[in-house]
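K.L.:
Predicted model follows, preceded by the sequence.
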Amino acid sequence: MKWERKWTLLVASLGVIVAFFVLREHWAHALGLATYLLLLACPLMHLFHGHGGHRHDQHEHGAGEDDPR
């Protein structure tokens, strides 16, 4: 296993442990913020999601092919 992967796994594991203890102590506060996080996720998803899926119809047609559009 590469060192970069080991460090990534270590940091992710520590992040999960810290998140568990923080959420355990502040669960009521976290649930109070859940609505705002959902509302913030909607515009962020519209900004950053789906920009690569529009290329299925942009290919070159030959001289004798019909354009189905």
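P.N.:
In hand now; what should we look at?

K.L.:
Could you pull out the buried residues of the lowest-mean-pLDDT helix or strand in the chain?
P.N.:
One helix or strand of the chain scores below all others by mean pLDDT, DSSP states H and E: helix 27-48, with a mean of 89. Buried residues in helix 27-48, defined by neighbour count with 16 or more other C-beta atoms under 10 Å: none. In short, each C-beta sits where N, CA and C put it, glycine included.

K.L.:
Could you list the residues in contact with it?
P.N.:
Contact partners of helix 27-48, identified using C-beta atoms under 8 Å, 6 or more residues apart in numbering, comprise residue 23.

K.L.:
CA atoms only: put it into PDB for me.
P.N.:
The C-alpha trace of helix 27-48 is given here as PDB (Å, rounded to 0.1, in the frame of the first residue of the first chain):
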ATOM      1  CA  TRP A  27     -26.700  16.200  18.400                       C
ATOM      2  CA  ALA A  28     -29.500  18.800  19.000                       C
ATOM      3  CA  HIS A  29     -27.400  21.600  17.500                       C
ATOM      4  CA  ALA A  30     -26.500  19.400  14.500                       C
ATOM      5  CA  LEU A  31     -30.200  18.500  13.800                       C
ATOM      6  CA  GLY A  32     -31.000  22.200  14.100                       C
ATOM      7  CA  LEU A  33     -28.500  22.900  11.300                       C
ATOM      8  CA  ALA A  34     -29.700  20.100   9.100                       C
ATOM      9  CA  THR A  35     -32.400  22.200   7.400                       C
ATOM     10  CA  TYR A  36     -29.900  24.900   6.600                       C
ATOM     11  CA  LEU A  37     -27.400  22.400   5.200                       C
ATOM     12  CA  LEU A  38     -30.100  20.900   3.000                       C
ATOM     13  CA  LEU A  39     -31.000  24.300   1.700                       C
ATOM     14  CA  LEU A  40     -27.400  25.100   1.000                       C
ATOM     15  CA  ALA A  41     -26.800  21.700  -0.700                       C
ATOM     16  CA  CYS A  42     -29.500  22.500  -3.300                       C
ATOM     17  CA  PRO A  43     -27.700  25.500  -5.000                       C
ATOM     18  CA  LEU A  44     -24.300  23.900  -4.600                       C
ATOM     19  CA  MET A  45     -25.600  20.700  -6.300                       C
ATOM     20  CA  HIS A  46     -27.000  22.800  -9.200                       C
ATOM     21  CA  LEU A  47     -23.600  24.600  -9.600                       C
ATOM     22  CA  PHE A  48     -21.300  21.600  -9.400                       C
END
